[in-house]
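Peer 1: 3D, please:
(one chain, ligands or ions: 1)
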Amino acid sequence: MTGDDLREKFLLFFEQKGHRRVESSSLVPRDDPTLLLTNAGMVQFKPYFTGEAVPPSPRLASCQKCFRTTDIGSVGNLKHLTFFEMLGNFSIGDYFKKEAIGWAWEFVLEWLKLPKENLWITIFLDDDESFQHWRDLGVEAGRIVRFGEKDNFWGPAGETGPCGPCSEIHYDFGKDVGCGRPECGPDCNCSRFMEIWNLVFTEYYQDAQGKRTPLPNKNIDTGMGLERAAALVQGTGSPYDTDLFAPIMQRVSQLTGRKYGEDEKTDRAMRIVAEHGRAVTFLAADGVVPSNEGRGYVLRRILRRAAVFGRTLEIDRPFLGEVAEQVIAGMNHVYPELATGRERVLKVIGAEEARFGETLVTGMSLLARTMELAKGSATRTLSGEEVFRLYDTYGFPSELTVELAAENGLSVDLEGFETEMERQRERARAAHKFGLGERGAAADYVSQALPPTEFVGYDGTRCKGSAISLASDGKFVEYVGEGQQVDIVLDKTPFYAEMGGQVADAGEIIGRQGRIAVGDAVAVGSGLVVHRGEVVSGTVRRGEEVTAVVDESRRLDIARNHTATHLLHAALRQVLGEEARQAGSQVAPDRFRFDFTQEAPVLEEELSRIQQLVNEYIRGNHPL
Ligand code: SER
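Peer 2: Modelled structure (predicted):
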């Protein structure tokens, strides 16, 4: 039975039991701030369970794309996956325990033909009702074991939501497999048992405080991992040898020139590359783009982990795009978004792999050196600064550094790393703040209660005004002389202060006996413009009449660059679509930067088209 057959049979079986087949929802949960990524089949049905929405049918069945971040570090062993497909049947206030248990048993025995002797059942501590249902189906009492909340209570999927006690079907590979301890059972983490199917009796809603209240109805939410089920029916014992993974593994084998199954270390790296390659393909197809936080960080983290393990297989060129091609070709008949999003997926993966590729080799050798030193130290620990440097300069996700260090019997000072991260956030905050604090001490303008400066810069670039305040070194003064740094406030000014990412005007303030070169103008408090500069000749007194003159050609350069941001914005939207939205900009006389949001990196062809358009707009010489 192929993976495709299994998926289809499951949905067919439940259609025959009166269920409506529902398509998988996106890995990015819709309108669900409690959840990073879709991690169970029930996620798209949450509003039905809570009574906020009415289901199209009280009985639903689906094969859902799921992603779980909890086990990323374990991926590489034979069992764990980040991305997987979950088969599930759901009852919204319709049938309950008896049917859910009866149908699961029927499907497992009669459709999957799993031998009854190998199956175990788990139930929640006091769930005598489920116990009786399993007994009625002929399961021996000794094969039904009771566990507490940790094992047999499921949910919520995010911080809050529907949840309930559950009953699971486990497969037993036999006494000779695994830890061999007498107390080994379905709750053991060794390789003897494998959970196949989880039947959740969704009766409660759990709030942010952990308080549970009954839902309007008693519901059913079940989940069976497709890859695990395939491993059992195909007799491979591991998802990687099933037909769901074999083509991807073969691709990895081709790319690396390594055979799977010859060496445990190589095998592990190959599984990581295949699994993460598949997972990033699905994430990118659902619109996730690499970043340093949230789902984007998950993508970045696993892509970089795959790249590092790819290195250990001695692939020295970008390769994940080729793994993705295989995933798309092999799975787009089930998930058409892979085919429609192909270009974007390859672009996202290619760009991120290239970005990391630039620092990967240097980062790896820095890590190797750091680890050598740590091995000789008393604590055998990598410091927070080192982990931060690997992260900040070389793009190594801290979790990856932790993992690579652990492989060498070293630990990592994560608290120190967090401290470095916080320092960096501080620095970023400081750099974003416009203000006087950055360049020399600021005088206390609040205490002066000066009137707001009148801005006359739209009409011209020069005006007469009076010097209502002078400050030097953070102190208010009556006059300033040649060579002194000065902050000067006028009652009116043609100087545009730095605002909204556009740099301030520069120019001169000329008094009767002195001249100030103005390098910057800053808005302070409610509408006060402080000109910052240096007295280049003579002296200037508080209260005297001065002439403020903006450097006009510089002002025009800034204005032209400002206009150009609008032209670029228009061209971006024309080429990339309406979603390309401005996120910020920095405009200076000699350059500008335009930040925009867009799901994927811009392609080379798109870039030249954008350039061409902007140049056309400029040559059009339109009236402003
Ligand atoms: N929600 C449960 C799980 O994810 C059953 O589908 O295991």
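Peer 1: make it CA atoms for all contacts and neighbour counts henceforth
Peer 2: Fine.
Peer 1: now what about stretch 186-196, what contacts it?
Peer 2: Residues outside stretch 186-196 that contact it (CA atoms under 8 Å, 6 or more residues apart in numbering): 120, 122, 151, 168-179, 185, 224-225, 228-229.
Peer 1: ok, so what distance separates the residue nearest to residue 114 when sequence neighbours are not counted from the ligand?
Peer 2: Excluding its sequence neighbours, the residue lying closest to residue 114 (CA to CA, 6 or more residues apart in numbering) is residue 108, at 6.0 Å. As defined by CA to the nearest ligand atom, to the nearest Å, residue 108 lies at a distance of 16 Å from the ligand.
Peer 1: what is the neighbour count of residue 108?
Peer 2: 20 (other CA atoms under 10 Å).
Peer 1: need phi/psi at it.
Peer 2: Note on residue 108: backbone dihedrals following degrees, to the nearest 10 are phi -70, psi -40.
Peer 1: surely it and residue 118 touch.
Peer 2: No - checked against CA atoms under 8 Å, the pair residue 108 and residue 118 is beyond contact range at 11.4 Å.
Peer 1: so which bits of the lengthiest helix in the chain are buried?
Peer 2: In the chain, taking DSSP state H as the definition, the longest helix is helix 342-376. For helix 342-376, the neighbour count (16 or more other CA atoms under 10 Å) marks 342, 344-353, 356-357, 360, 363-364, 366-367, 370-371, 374-375 as buried.
Peer 1: mind listing what the closest residue to residue 567 other than its chain neighbours touches?
Peer 2: Spatial nearest neighbour of residue 567, excluding adjacent residues (CA to CA, 6+ apart): residue 614 at 5.9 Å. Residues in contact with residue 614 (CA under 8 Å, 6+ apart) are 564, 567, 568, 571.
Peer 1: can you point out the buried residues in the helix or strand where the second one lies?
Peer 2: Here residue 567, judged by DSSP states H and E, is contained in helix 552-576. Residues 554-555, 557-562, 564-565, 567-572, 576 are the ones in helix 552-576 that count as buried (16+ other CA under 10 Å).
Peer 1: out of those residues, who's near the ligand?
Peer 2: With CA under 6 Å from any ligand atom as the criterion, those include none near the ligand.
Peer 1: using the three-state scheme, assign the residue of the chain found nearest the ligand.
Peer 2: Proximity of the chain to the ligand (CA to the nearest ligand atom) peaks at residue 223, 3.3 Å away. Using DSSP: H, G, I helix; E, B strand; the rest coil, the structure places residue 223 in strand.
Peer 1: list the beta-bridge partners for it.
Peer 2: Per DSSP bridges, the residues bridged to residue 223 are residue 198.
Peer 1: quick one, what contacts it?
Peer 2: Counting by CA under 8 Å, 6+ apart, residue 223 has contacts 40, 41, 86, 87, 88, 89, 197, 198, 199.
Peer 1: could you report the pLDDT at it?
Peer 2: The predicted structure scores residue 223 at 98 on the pLDDT scale.
Peer 1: then the one 4 residues further on?
Peer 2: Reading off the per-residue confidence, residue 227 sits at a pLDDT of 97.
Peer 1: which helix or strand contains it?
Peer 2: Per DSSP H and E: helix 226-233 holds residue 227.
Peer 1: outside of that helix, which residues touch it?
Peer 2: For helix 226-233, contacts defined as CA under 8 Å, 6+ apart pick out 1-3, 6-7, 84-87, 112-114, 196, 237-239, 241-242, 244.
Peer 1: before we move on, the earlier item: quick one: which of the contacts of stretch 186-196 sit in strands?
Peer 2: Judged by DSSP state E, these include 120, 122, 168, 169, 170, 171, 172, 224, 225 as members of strands.
Peer 1: ok, now how distant is residue 104 from residue 54?
Peer 2: According to CA to CA, to the nearest Å, residue 104 and residue 54 sit 25 Å apart.
Peer 1: my error: substitute residue 7 in the last question.
Peer 2: From residue 7 to residue 54 the distance is 26 Å (CA to CA).
Peer 1: and these two? Which one has more around it.
Peer 2: Comparing residue 7 with residue 54 by neighbour count (other CA under 10 Å), the higher total belongs to residue 7, at 21 against 13.
Peer 1: was I right about that one contacting residue 85?
Peer 2: No - counting by CA under 8 Å, residue 7 does not reach residue 85; the two are 9.1 Å apart.
Peer 1: what do these two both touch?
Peer 2: 63, 226.
Peer 1: quick one: low-confidence ranges for the protein?
Peer 2: Within the chain, the ranges that satisfy pLDDT under 70 run 428-442, 599.
Peer 1: residues from it in reach of the ligand?
Peer 2: Contact residues (CA under 6 Å from any ligand atom) of the chain with the ligand: 40, 41, 42, 198, 199, 200, 221, 222, 223.
Peer 1: ok, now which ones touch the second one?
Peer 2: Taking CA under 8 Å, 6+ apart, we find residue 41 in contact with 24, 62, 63, 64, 65, 66, 86, 87, 88, 221, 222, 223.
Peer 1: same thing but 10 Å
Peer 2: By CA atoms under 10 Å, 6 or more residues apart in numbering, residue 41 lies in contact with 24-25, 61-66, 85-90, 157, 221-224.
Peer 1: over to the fourth one?
Peer 2: With contacts taken as CA under 10 Å, 6+ apart, residue 198 has the following neighbours: 88, 104, 122, 152, 154, 166-170, 221-225.
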